[in-house]
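**Q** What would the 3D arrangement of this be:
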Amino acid sequence: MPKISVADLKKIKERVREDNSLREGSQRVKITVHMGTCGVAAGARTVMDSLMGEITEAKVTDVVVTTSGCAGMCSKEPMVTIEMLGQEPVLYGKMDANMMRQVFKRHVLLGEVQSSFAIAKG
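**A** Below is the predicted model of the structure:
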């Protein structure tokens, strides 16, 4: 069994700190891509790839991305939930790569909820 170095432990510590930062208040936005079986079948991986590309391109560091299983509305998949500090969460449905780019640029970066894609708030 390989030994864990101090550098490895520091990397693990930093990763855990980043994962917990929204709960601790240092992250401004949490984005959940619902990737249950129905979500993946409907295209959630493409939505996730699009989102990660936008985050990299925008060089934002105050956004955490996570995944979850099925949210119970298979007919609305792929779905994405945006949670911004101090605001109600917004659930977007029937997402595709282009819609995800728009939601990221307009809602996450500018604070403009994209009502035409939203299926629930709060």
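**Q** for the helix or strand where Val47 lies, packing partners?
**A** According to DSSP states H and E, Val47 maps onto helix 44-58. Under the contact criterion of 3 or more Cβ pairs under 8 Å, 6 or more residues apart in numbering; DSSP states H and E, helix 44-58 touches strand 29-34, strand 63-68, helix 97-103. From N, CA and C alone the C-beta is placed, and that goes for glycine too.
**Q** redo that, cut-off 10 Å
**A** Counting contacts by 3 or more Cβ pairs under 10 Å, 6 or more residues apart in numbering; DSSP states H and E, helix 44-58 packs against strand 29-34, helix 37-42, strand 63-68, strand 80-84, helix 97-103.
**Q** Buried residues, it. List them.
**A** Residues of helix 44-58 classed as buried under the neighbour-count rule (16 or more other Cβ atoms under 10 Å) are 44, 47-48, 50-51, 54-55.
**Q** ok, back up a step: to Arg15, which of the helices and strands packed on helix 44-58 lies closest?
**A** Each of the helices and strands packed on helix 44-58 was checked against Arg15 via Cβ to Cβ, and the shortest separation belongs to strand 63-68, namely 11.5 Å.
**Q** What strands line up against the closest one, and which way round?
**A** With DSSP bridges as the test, strand 63-68 is paired with strand 29-34 (parallel).
**Q** Can I get the strand it pairs with in PDB? Just the C-alpha atoms.
**A** Taking only C-alpha atoms (Å, rounded to 0.1, in the frame of the first residue of the first chain), the coordinates of strand 29-34 have been written out as PDB:
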ATOM      1  CA  VAL A  29     -22.700  30.400  -6.100                       C
ATOM      2  CA  LYS A  30     -23.400  26.600  -6.000                       C
ATOM      3  CA  ILE A  31     -24.500  25.000  -9.200                       C
ATOM      4  CA  THR A  32     -25.900  21.500  -9.100                       C
ATOM      5  CA  VAL A  33     -26.200  19.500 -12.300                       C
ATOM      6  CA  HIS A  34     -28.800  16.700 -11.800                       C
END
